[in-house]
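J.: dropping a prediction and its sequence here:
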Amino acid sequence: MLVLFFTFLFPISFFSQSKEIVNPKGKWYFGAEIGLNEKTTVHPSRMTALQGGLLAEYYFAKNWSVSGRIKYFETGILDSYRYFDGSVVSIPVNLVWKYRIFHNFNGNLKLGFAMNQELKSNYYFGPNDKTDFSKFYGNINSGIGFNYFLSDKVCVYMDYEAYVLGNDRNGDNSFFPVSPDNNLLNFGLKYNFAK
């Protein structure tokens, strides 16, 4: 995973114009991301499907920001007797803490909440199983990643995030929920449009 990031990062970093450490405090960044998607409640899970989204991020301090995104990805459940195949538009909002590793290369941790609207909901459950689950639901969103500021205007990033504890599809009131959880690997670019 890190090899992919550095392969993506260093050709771009050649064009970096900033030799000073970037302080993004008080700035808005807008961007786009694309990557891989793993449906973690589908066994065996594999990170194969593509996913993508748009980003807006505001830095209210040098190392702290709030980000909001609009994402599209497929989701699902597959266990011994149930199969759910779906897709969602998700709006995750995260509090992000960044820590400097070297110069303008930073690590980050994020935690937040995502609201999801299902666009596709195909159920292959037993004839007596409940399938009238809500198509609008929330879940917890957390992640870890890396950012590299090429200048005070441009940043490239990579992160790995999880969407968990969403809409329980168990239907049998058991103690352990079965929700359509996902892990996403994102590669993105964000830009500050201010003069």
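T.: Yes, it's here.
J.: just after the helix or strand harbouring Gln117, pick out the following helix or strand.
T.: In this assignment (DSSP states H and E), Gln117 forms part of strand 105-124. Of the helices and strands lying after strand 105-124 in sequence (DSSP H and E), the nearest is strand 136-149.
J.: what sits against the most centrally placed residue in the chain?
T.: Centre of the chain computed as the mean C-alpha position; nearest residue by C-alpha atoms, centre = their mean is Glu161, 4.9 Å away. Residues in contact with Glu161 (C-beta atoms under 8 Å, 6 or more residues apart in numbering) are Pro92, Lys110, Asn141, Ser142, Gly143, Ile144, Gly145, Asn183, Leu184, Asn186. The way it works is simple: take the backbone N, C-alpha and C, and place the C-beta from them, glycine included.
J.: export stretch 74-86 as PDB, just CAs?
T.: As requested, C-alpha coordinates have been extracted for stretch 74-86 and formatted as PDB (Å, rounded to 0.1, in the frame of the first residue of the first chain):
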ATOM      1  CA  GLU A  74     -20.900  -0.800  -3.600                       C
ATOM      2  CA  THR A  75     -21.700  -2.600  -0.400                       C
ATOM      3  CA  GLY A  76     -23.100  -6.000   0.700                       C
ATOM      4  CA  ILE A  77     -23.400  -9.000   3.000                       C
ATOM      5  CA  LEU A  78     -22.700 -12.600   2.300                       C
ATOM      6  CA  ASP A  79     -22.800 -15.200   5.000                       C
ATOM      7  CA  SER A  80     -24.000 -18.800   5.200                       C
ATOM      8  CA  TYR A  81     -27.600 -18.100   4.200                       C
ATOM      9  CA  ARG A  82     -28.100 -14.400   3.400                       C
ATOM     10  CA  TYR A  83     -26.800 -12.300   0.500                       C
ATOM     11  CA  PHE A  84     -27.400  -8.600   0.100                       C
ATOM     12  CA  ASP A  85     -26.000  -6.700  -2.900                       C
ATOM     13  CA  GLY A  86     -26.200  -2.900  -2.700                       C
END
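J.: from the contacts of Glu161, pick the one nearest Pro127.
T.: Set against Pro127, the nearest of the contacts of Glu161 by C-beta to C-beta is Asn183 (32.0 Å).
J.: who does the nearest residue to that closest one once chain neighbours are set aside bridge with?
T.: The spatially closest residue to Asn183, leaving aside those adjacent along the chain, is Glu38, at 4.3 Å (C-beta to C-beta, 6 or more residues apart in numbering). Per DSSP bridges, the residues bridged to Glu38 are Met47, Asn183.
J.: cool, thanks, signing off.
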